[in-house]
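>>> below is the sequence, then the predicted model.
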Amino acid sequence: MKMDTLMLQEPSLYTVKAVLILDNDGERLYAKYYDDTYPSVKEQKAFEKNIFSKTHRTDSEIALLEGLTVVYKSNIDLFFYVIGSSHENELMLMAVLNCLFDSLSQMLRKNVERRALLENMEGLFLAVDEIVDGGVILESDPQQVVHRVALRGEDVPYSEQTVTQVLQSAKEQIKWSLLR
């Protein structure tokens, strides 16, 4: 075979095209698209409906759909999806999916279900941002993700803290300055 007849894909760090979380009716709870495969919200919602209809009754963990590799996992009333291109390594995508699920499981104290997730959307946003940035996988260790989310959660501006939190922060700062 000649080299010009082979379709060679250049390796790329941009492995993740989207991260989705749908409820058990196929409605979007969280969606982050990292490229313009589906540029409009209408196209994204149609894709999400298609993905849900093809995957919500199966026990497998991977699907090829619309020229994309989809890895997914369901838990109680949530469906988690990580999407990459058709030539993407499924194990890499699965590592992202497992990291997201395990991070949320720790953050929600093993209570990974719709209501608990909706009450902790900030934690979800931070976790996804720690795992994937612009389609590039940054972290696959859930312990590190949970630790970083906890650190970022502590940096709440004073205007958004309660009086008790501000006083506690002041006490800590005074204590540390006296101990030097």
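Nice, I can see it. Numbers count the residues shown, from 1 in each chain.
>>> endpoints of stretch 53-62, how far apart?
End-to-end distance for stretch 53-62: 14 Å, by C-alpha to C-alpha, to the nearest Å.
>>> now that stretch: average pLDDT?
Per-residue pLDDT over stretch 53-62 has a mean of 87.
>>> touching it from outside, list them.
24, 26, 63, 65, 69-74, 79, 81, 90, 94 (C-beta atoms under 8 Å, 6 or more residues apart in numbering). Yep, even glycine has a C-beta here, placed from its N, CA and C like the rest.
>>> these two touch, right, residue 23 and residue 75?
No. Using C-beta atoms under 8 Å as the test, residue 23 is too far from residue 75 to be in contact (11.4 Å).
>>> quick one: low-confidence parts of this protein?
The model of the chain has pLDDT under 70 over residues 1-9, 153-166, 180.
>>> hey, where'd the helices end up in it?
Applying DSSP state H to the chain gives helices spanning 41-55, 90-107, 114-119, 121-131, 142-154, 163-179.
>>> how close does the most centrally placed residue in the chain sit to residue 85?
The centre of the chain sits closest to residue 128, judged by C-alpha atoms, centre = their mean, with a distance of 3.6 Å. Distance, residue 128 to residue 85, using C-beta to C-beta, to the nearest Å: 19 Å.
>>> now residue 12
Applying C-beta to C-beta to residue 12 and residue 85 gives a distance of 9 Å.
>>> which one's more surrounded, those two?
residue 85 (17 against 11; other C-beta atoms under 10 Å).
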